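Peer 1: sequence isn't available, so here's the structure alone:
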């Protein structure tokens, strides 16, 4: 029998790291960042952040959007539909007024056409902003807001509006559709709904 002392000790990959769902942004953080980006003329970042919040898309889908995905001719659409890379399922999302304004300014400033990627990469080997570049940009946003980088990631942007909608309506089915999940269980896990949430809903339901 092999001596247990001779077996190499492997530390778990996640030792010392915070694992689990990344925190969604709070409303006050959203507006604080919007004001900062606007005041500093960071047009591309404002468009990226606003569209990320509205679309609730995964980072890989957000960075791969083309101008035609969010516009009709010269006008930014109020709704859009895209095919998700991970699930190969279509998902729809709204484009609010503040996001339409930011996109309009960015597209004009960058001189983009309908077939161009909405967020072209500044690196020669990539046609559009990469997910790692997006993550780095988000890291700077988190720093500027004075938040802890370990608690936030690109999924924080995806989760933000979905979490707000759930908190305000408790409508899981609506959030499932907006996130493009095929199973309700996935939405429950993604939102991190706990027993307390379920009990709170139950308490508010009188029979």
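Peer 2: Here it is on my side, so go on. Predicted model only: the values in this text are computed from it and were never measured. Residues are numbered from 1 along each chain as shown.
Peer 1: now do the helix or strand containing residue 175: everything it contacts.
Peer 2: When elements are defined using DSSP states H and E, residue 175 is found to belong to helix 172-179. Defining contact as C-beta atoms under 8 Å, 6 or more residues apart in numbering, one finds that helix 172-179 is touched by 56, 91-93, 158, 161-162, 165-166, 183-184, 186-188, 190-191, 193. In short, each C-beta sits where N, CA and C put it, glycine included.
Peer 1: and stretch 24-32, by the same measure?
Peer 2: Defining contact as C-beta under 8 Å, 6+ apart, one finds that stretch 24-32 is touched by 33, 53, 145, 147, 152, 156-157, 159-160, 162-164.
Peer 1: let me know the closest of those residues to residue 136.
Peer 2: Taking C-beta to C-beta as the measure, residue 136 lies nearest residue 152 of the contacts of stretch 24-32, at 12.7 Å.
Peer 1: phi, psi of that closest one?
Peer 2: Listed backbone geometry of residue 152 is phi -130, psi 150, with angles given as degrees, to the nearest 10.
Peer 1: quick check, pLDDT for it.
Peer 2: In the predicted model, residue 152 carries a pLDDT score of 93.
Peer 1: cool, the one 4 residues further on as well?
Peer 2: With respect to pLDDT, residue 156 has a value of 91.
Peer 1: for residue 56, see how far away it is.
Peer 2: In this structure, residue 156 and residue 56 are 12 Å apart, going by C-beta to C-beta, to the nearest Å.
Peer 1: so how far is residue 114 from the spatially most central residue of the chain?
Peer 2: The centroid of the chain falls nearest to residue 158 when counting by C-alpha atoms, centre = their mean (2.4 Å). Using C-beta to C-beta, we find residue 158 at a distance of 26 Å from residue 114.
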